[in-house]
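**Student:** for reference, the sequence and a predicted model appear below.
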Amino acid sequence: MKLQTCRLAGISLLVLLALAMNATAASPTDVAYCKKLSDLYLQYVGSPFDRPPRVPPANVSHAMETCDSETEASTAVLERALSNSGFTLPKR
């Protein structure tokens with residue numbers, strides 16, 4: 001009986017962890033918006049492929065690389081960078 005209770009508790013904990021992880025995952029729409037901001041930044045503000053190269057600051061480069069994994073933070077950095085450069089942000 002005790003082993004069965006421990007198994008049930010373990011399974012319940014795993015289910016709760018899975019739900020918590022899923023709740024914090026970014027939506028595909030949010031990821032797409034972040035990537036759109038990244039593209040806009042490269043197109044209009046700075047790109048390492050321009051001549052002469054206009055390399056984005058480290059925080060902006062990191063944000064561009066982590067749209068998939070750190071969507072909320074990356075979006076905030078990119079929105080700030082574009083706004084500071086005088087751009088009106090696109091709709092989400």
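**Tutor:** Yep, that arrived.
**Student:** quick one, grab the pLDDT at residue 49.
**Tutor:** In this model, residue 49 is scored at 73, pLDDT.
**Student:** burial count for it?
**Tutor:** 8 (other CB atoms under 10 Å). The way it works is simple: take the backbone N, C-alpha and C, and place the C-beta from them, glycine included.
**Student:** how far away is the residue nearest in space to the middle of the chain from residue 80?
**Tutor:** The residue lying closest to the centre of the chain (CA atoms, centre = their mean) is residue 71, at 1.3 Å. From residue 71 across to residue 80, the span is 15 Å (CB to CB, to the nearest Å).
**Student:** isn't the residue nearest to the centre of the chain right up against residue 34?
**Tutor:** Yes - Residue 71 is within contact range of residue 34, at 5.3 Å (criterion: CB atoms under 8 Å).
**Student:** coming back round to it: quick one, phi psi at the closest residue to the residue nearest to the centre of the chain other than its chain neighbours?
**Tutor:** Computed as CB to CB, 6 or more residues apart in numbering, the closest residue to residue 71 that is not its neighbour in sequence is residue 26, at 3.5 Å. Main-chain dihedrals, residue 26, degrees, to the nearest 10: phi -70, psi 150.
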